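have a look at this fold, sequence not included:
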């Protein structure tokens, strides 16, 4: 699926998981200062139809905020092995797309050196670990397992990823202190 198709499917999936209808999501977007009405949301979700609607970056951020998620969860397939057409020439699994989106690994065919030069220093720890790909896959499977086994599993998945992030952040801060001494 291309990014627009994934977005439409994920928007519907996440909205329904929250128990919201399109009007309730539209009302929440308006509370946040946006202007997407129910019809616009329906058109975004109706990917493949002639009247489907494109979204702006502002829409993406508003919808993610209204659904208490991140833009990544709207743009990347939920399934570990589902395919995302990043471009006409580049297709990757959801797992690879998430690692790319997080700044953890380049897409196939990208210049790895140039890619990692643009990653903030505090995120570069992963690039030196030869087992990182397996670790990232395990993290992804655990998060997706929590999401798929329980309609409210997203809370546990977010908690899991936040705890992991705090642990890694603490480790990185320790490394920074060691380097500066």
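Good, I have the coordinates. The model shown is predicted, which means the values in this text are computed figures rather than measured ones.

check residue 154 and give its pLDDT.
For residue 154, the pLDDT comes out at 54.

so in terms of bridging, what pairs with residue 91?
Applying DSSP bridges to residue 91 yields these beta-bridge partners: residue 85.

tell me where this structure has strands.
All strands of the chain, identified by DSSP state E, fall at 83-85, 91-93.

turn those strands into JSON lines, columns for mean pLDDT and distance to residue 31.
Every residue, glycine included, has its C-beta placed from N, CA and C. Formatted as JSON lines, the strands of the chain follow (pLDDT from 0 to 100; distance: least, C-beta to C-beta, whole Å):
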{"stretch": "strand 83-85", "mean pLDDT": "94", "distance to residue 31": "31"}
{"stretch": "strand 91-93", "mean pLDDT": "94", "distance to residue 31": "35"}
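
to residue 24, which of the ones you listed lies closest?
Ranking the strands of the chain by proximity to residue 24 (C-beta to C-beta) places strand 83-85 first, at 28.2 Å.

and the closest one, which residues are buried?
Residues of strand 83-85 classed as buried: residue 84 (neighbour count, 16 or more other C-beta atoms under 10 Å).

can you give me the helices for this protein?
Assigned by DSSP state H, the chain shows helices spanning 3-17, 22-31, 38-45, 57-66, 71-75, 94-101, 112-117, 132-149, 153-180.

least confident of those helices, on average?
Mean pLDDT is lowest for helix 153-180 among these, at a mean of 57.

and residue 89, how far from residue 24?
39 Å (C-beta to C-beta, to the nearest Å).

higher neighbour count, the two?
Using other C-beta atoms under 10 Å, the more surrounded residue of residue 89 and residue 24 is residue 24, with 15 against 8.

next, work out how far apart that one and residue 45 are.
From residue 24 across to residue 45, the span is 14 Å (C-beta to C-beta).

repeat that for residue 78.
Per C-beta to C-beta, residue 78 is found 15 Å from residue 45.

dump the strands of the chain into TSV; add distance to residue 33 as well.
Output for the strands of the chain, formatted as TSV (distance: least, C-beta to C-beta, whole Å):
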stretch	distance to residue 33
strand 83-85	30
strand 91-93	34
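
quick one: neighbours of residue 77, just the number.
By other C-beta under 10 Å, neighbour count at residue 77 equals 21.

who touches it in this structure?
Residues counted as contacts of residue 77 (C-beta atoms under 8 Å, 6 or more residues apart in numbering) are 1, 6, 10, 83-84, 93-94, 97.
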